[in-house]
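Trainee: Okay, sequence plus prediction incoming.
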Amino acid sequence: MTKPIVAVPADIRTFDGASWHAVQHQYVRAALNAAGVMAFIIPAFEEGYGTDAILDRVDGVLVSGSASNVHPSYYGATATDADGPFDIARDATSLPLIRRAIDRAIPLLAICRGIQELNVALGGTLASEIQDQPGIWDHRKPADVDRDGMYAIRQSVFVKEGSCIAGIVGPGEIKVNSLHRQAIAETAPRLKVEAVAEDGTIEAVSVIDAPAFAVGVQWHPEYWAETDKPSNQIFRAFGDAVRAYAAGKLSNAENEALA
Ligand SMILES: N[C@@H](CCC(=O)NCCCC(=O)O)C(=O)O
């Protein structure tokens with residue numbers, strides 16, 4: 001059976017002096033091996049482009065993490081050095097894609113930078129260098145370790161009873177990884193907080209009254225999606241939602257053909 005396709009907005013990165021449209025392999029691998037869907041990497045353009053043209057051709061949207069941050073102008077703030085580095089091409093492509101996917105009931109999973117984009121796309125704000133705030137832990141990736149060490153499962157988050165995430169991984173405490181300097185400050189009106197860290201940092205949200213799967217997590221379920229149970233459950237749930245959307249699209253097309 002042809003695997004459904006999910007759009008993954010790219011970063012603009014520089015390697016060997018050239019600009020690349022890039023997504024880390026861990027997201028593509030998790031999409032295929034845990035969600036059972038095929039990732040299509042979406043190039044990033046500063047002027048944005050073709051949001052509906054992209055969404056007409058996919059069955060889901062997976063918004064990845066990145067070392068870059070959403071530009072503060074998107075949430076009414078003035079950029080400072082603490083808010084960078086930026087990737088305005090990614091912002092311009094990803095933010096409208098998130099909004100339209102929700103409007104069109106296309107399943108959406110937003111990870112790390114992705115949950116921050118989801119919050120900003122729906123009208124929320126972000127805080128930078130959260131570890132400098134009183135009582136907030138250091139959520140940044142561990143230094144001087146290999147990538148498995150950077151993405152090590154090391155932090156408790158508490159999933160709220162009755163939440164969308166609780167329906168996937170169960171309510172209560174789960175262990176996750178943590179690699180971020182920013183976090184949700186003001187939660188967007190359409191978002192429900194679904195999980196928090198012990199220091200109160202928002203770790204998961206869902207879109208209130210979303211017509212389809214629309215979840216954001218601050219941690220990185222993609223990295224251990226094949227071996228860590230909560231990570232795998234999140235990607236399998238996303239994959240199931242994408243398959244349901246694809247099946248519905250096919251059924252509608254068949255009905256239209258018979259009409
Ligand atoms: N830049 C934001 C989002 C953090 C994020 O997506 N981290 C992924 C780590 C990617 C890497 O460094 O390899 C923030 O810092 O909050």
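Mentor: That came in fine, so what should we check first? Since the structure is predicted, the reported quantities are computational estimates derived from the model, not experimental observations.

Trainee: So stretch 120-139, near the ligand or not?
Mentor: No: judged by CB under 6 Å from any ligand atom, stretch 120-139 stays clear of the ligand, getting no closer than 7.7 Å. To be clear about C-beta, it is placed using only N, CA and C from the backbone, and glycine gets the same treatment.

Trainee: What's the mean pLDDT across that stretch?
Mentor: Mean per-residue pLDDT for stretch 120-139: 97.

Trainee: what about it, distance to the chain center?
Mentor: Here stretch 120-139 shows a centroid-to-chain-centroid distance of 16 Å under the convention CA atoms, centre = their mean, to the nearest Å.

Trainee: With just CA atoms, put it into PDB.
Mentor: C-alpha atoms of stretch 120-139 as PDB (Å, rounded to 0.1, in the frame of the first residue of the first chain):
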ATOM      1  CA  VAL A 120       3.000  31.700  17.700                       C
ATOM      2  CA  ALA A 121       1.000  30.800  14.600                       C
ATOM      3  CA  LEU A 122      -2.200  30.800  16.700                       C
ATOM      4  CA  GLY A 123      -1.300  34.000  18.600                       C
ATOM      5  CA  GLY A 124       0.800  33.100  21.500                       C
ATOM      6  CA  THR A 125       4.300  34.300  22.600                       C
ATOM      7  CA  LEU A 126       7.600  32.700  23.500                       C
ATOM      8  CA  ALA A 127      10.200  33.200  26.300                       C
ATOM      9  CA  SER A 128      13.900  33.000  25.500                       C
ATOM     10  CA  GLU A 129      16.800  31.700  27.600                       C
ATOM     11  CA  ILE A 130      14.200  30.200  30.000                       C
ATOM     12  CA  GLN A 131      17.000  28.600  32.100                       C
ATOM     13  CA  ASP A 132      17.900  32.200  33.300                       C
ATOM     14  CA  GLN A 133      14.400  32.600  34.900                       C
ATOM     15  CA  PRO A 134      14.100  31.900  38.600                       C
ATOM     16  CA  GLY A 135      13.000  28.300  39.400                       C
ATOM     17  CA  ILE A 136      13.300  27.100  35.800                       C
ATOM     18  CA  TRP A 137      15.700  24.300  35.000                       C
ATOM     19  CA  ASP A 138      18.200  24.200  32.300                       C
ATOM     20  CA  HIS A 139      16.300  22.500  29.400                       C
END
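
Trainee: Flag every residue of this structure that's near the ligand.
Mentor: Proximity of the chain to the ligand (CB under 6 Å from any ligand atom) is limited to residues 65-69, 112-113, 141, 179-182.

Trainee: let's go with 8 Å and repeat that
Mentor: Counting by CB under 8 Å from any ligand atom, the chain comes close to the ligand at 24, 64-69, 111-114, 116, 126, 128, 130, 139-141, 147, 150, 179-183, 218, 220.

Trainee: Which of the residues you listed fall within strands?
Mentor: 111, 126, 183 (DSSP state E).

Trainee: For burial, what's the neighbour tally of Ala166?
Mentor: If you count neighbours by other CB atoms under 10 Å, Ala166 ends up with 16.

Trainee: Kindly apply the preceding question to Val242 instead.
Mentor: If you count neighbours by other CB under 10 Å, Val242 ends up with 30.

Trainee: Fine by me, we can end here.
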